[in-house]
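**Student:** Following is a predicted model, sequence given first.
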Amino acid sequence: MIEEGATLYARGRGPGGLTATVLPDGALEVSGVRYATPSGAAKAATGGSVNGWTFWLLDRRTKRALKDLVEDYVDQRGVDADFGA
């Protein structure tokens with residue numbers, strides 16, 4: 001549902017203009033550093049504990065976050081998933 005090389009954008013409360021790139025294995029790269037999880041990348045970006053599923057945006061204009069993409073997938077597949085609050 002998200003392609004390798006896609007750019008994600010830090011939510012407004014994050015560092016201005018910061019982006020993450022989706023790697024082939026689903027990890028995120030931020031400023032040349034690989035993070036295994038969206039929350040790990042968000043924590044490195046902000047210096048605090050952050051839910052990466054809501055922090056990283058697919059689209060800055062609509063504010064659509066990674067969590068929204070996961071929820072769409074769950075709805076389409078009828079599976080259970082918990083990605084934190």
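**Tutor:** Arrived safely.
**Student:** show me where the protein has strands.
**Tutor:** Under the criterion DSSP state E, strands of the chain are mapped to 7-10, 19-22, 28-30, 33-35, 56-59, 64-65.
**Student:** what residues does the last one touch?
**Tutor:** Residues from elsewhere that reach strand 64-65 (CB atoms under 8 Å, 6 or more residues apart in numbering): R11, W53, T54, F55, W56, L57, L58. Heads up, the C-betas are built off the backbone N, CA and C, glycines and all.
**Student:** Now tell me which helix or strand of this protein has the poorest mean pLDDT.
**Tutor:** With mean pLDDT, DSSP states H and E as the measure, the helix or strand of the chain carrying the lowest mean pLDDT is helix 66-77 (a mean of 84).
**Student:** Can you check what pLDDT the model gives D80?
**Tutor:** Looking at D80, its pLDDT reads 67.
**Student:** let me redo that: I2
**Tutor:** Looking at I2, its pLDDT is 88.
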